[in-house]
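Visitor: have a look at this fold, sequence not included:
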């Protein structure tokens, strides 16, 4: 994440708010299996979905199902 913020071109308020909402406030997981394991351990395996973050390169969990 720090690399993305440091090496991007100009700042963009819309992108910055998207980063804050979708990345910096969420737990980071090394891979999809790790994210799914945490969801299952917390009893949320059927409610949370994993996705790769376009900003930090890690995986996050969300309630919004993605395309399958």
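Guide: Good, I have the coordinates. In this text the structure is predicted, and so the values were computed from the model without any measurement.
Visitor: in this structure, where is pLDDT below threshold?
Guide: The model of the chain has pLDDT under 70 over residues 1-11, 67-68.
Visitor: any idea which residue is closest to the centre of it?
Guide: Centroid-nearest residue in the chain, with CA atoms, centre = their mean: residue 60, separated by 3.4 Å.
Visitor: tell me which element it is part of?
Guide: Using DSSP states H and E, residue 60 falls within strand 59-62.
Visitor: can you show me the strands along the protein?
Guide: Along the chain, the segments classed as strands by DSSP state E run 49-52, 59-62.
Visitor: ranking these by burial, who's on top?
Guide: Each of the strands of the chain was assessed for mean neighbour count using mean count of other CB atoms under 10 Å. The highest is strand 59-62, with a mean of 18. In this view, the C-beta of every residue, glycine as well, is placed from N, C-alpha and C.
Visitor: identify the residues contacting that one?
Guide: With contact meaning CB atoms under 8 Å, 6 or more residues apart in numbering, strand 59-62 is reached by 22-23, 26-32, 34-35, 38-39, 44, 48-53.
Visitor: what subset of those is buried?
Guide: 22-23, 29, 35, 38-39, 48-51, 53 (16 or more other CB atoms under 10 Å).
Visitor: can I get those residues in JSON lines including distance to residue 13?
Guide: Compiled in JSON lines, those are given as follows (distance: CB to CB, whole Å):
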{"residue": "22", "distance to residue 13": "15"}
{"residue": "23", "distance to residue 13": "16"}
{"residue": "29", "distance to residue 13": "28"}
{"residue": "35", "distance to residue 13": "29"}
{"residue": "38", "distance to residue 13": "31"}
{"residue": "39", "distance to residue 13": "32"}
{"residue": "48", "distance to residue 13": "29"}
{"residue": "49", "distance to residue 13": "28"}
{"residue": "50", "distance to residue 13": "28"}
{"residue": "51", "distance to residue 13": "23"}
{"residue": "53", "distance to residue 13": "19"}
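Visitor: keep only those of those residues that are in helices.
Guide: Using DSSP state H, the members of these that fall in helices are 35, 38-39.
Visitor: quick one on the thing from earlier: quick one: the residue nearest to the centre of the chain and residue 45, what's the gap?
Guide: For residue 60, the distance to residue 45 equals 15 Å [CB to CB, to the nearest Å].
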